[in-house]
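>>> coordinates only, sequence not included:
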């Protein structure tokens, strides 16, 4: 994997950008500043058939959401992302762009904080966690949003 310093996007050898996915599955935005966690969860999501765009901090996550409103089918974000925007802010911005976007927080923060700061109808997965938990949770949220959109028609 390589990183283009001029871009907030993580560039893959096969040339994936935030506008396309080599997996053909739902495209997710994953915002995580811890490299080991990020790589492990990204791999699990890709193996499950998701397309994944990775942001290494909050400002990158905000930029990606703004640059491609409507292209992401789900957001997974850590809360404590270093300097700049935190995961709460990233999720609020995502929901301003798409009110029904599935959101999963992965963090060591308390459930009380999630209850008061998290966006409605989101999920919290506490660290440490198994990457499969994130895959199952996102799959469940996406099925729920697909069923809701079918009912509205």
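Sure, I can see it. Keep in mind that what you see is a predicted model, and the values were worked out from it rather than measured. Residues are numbered from 1 along each chain as shown.

>>> how many neighbours does residue 139 have?
Around residue 139 sit 17 other residues, with neighbours defined as other CB atoms under 10 Å. Every C-beta, even on glycine, is put in place using the N, C-alpha and C of the backbone.

>>> skip the chain neighbours and tell me the closest residue to it.
Among residues not flanking residue 139 along the chain, residue 48 sits closest, at 7.2 Å (CB to CB, 6 or more residues apart in numbering).

>>> ok, the one you found touching residue 142?
No - in this structure residue 48 lies outside contact range of residue 142 using CB atoms under 8 Å: 11.0 Å.

>>> which stretches of the protein aren't confidently modelled?
Within the chain, the stretches with pLDDT under 70 are 1-23, 146-153.

>>> which residue ranges of it form helices?
Under the criterion DSSP state H, the chain contains helices at 35-47, 58-67, 87-97, 111-117, 131-152.

>>> now those as TSV including distance to residue 78?
Shown next, in TSV, are the helices of the chain (distance: least, CB to CB, whole Å):
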stretch	distance to residue 78
helix 35-47	8
helix 58-67	9
helix 87-97	5
helix 111-117	12
helix 131-152	11
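
>>> for residue 77, find the nearest of the ones you listed.
Closest approach to residue 77 among these (CB to CB): helix 87-97, 4.0 Å.
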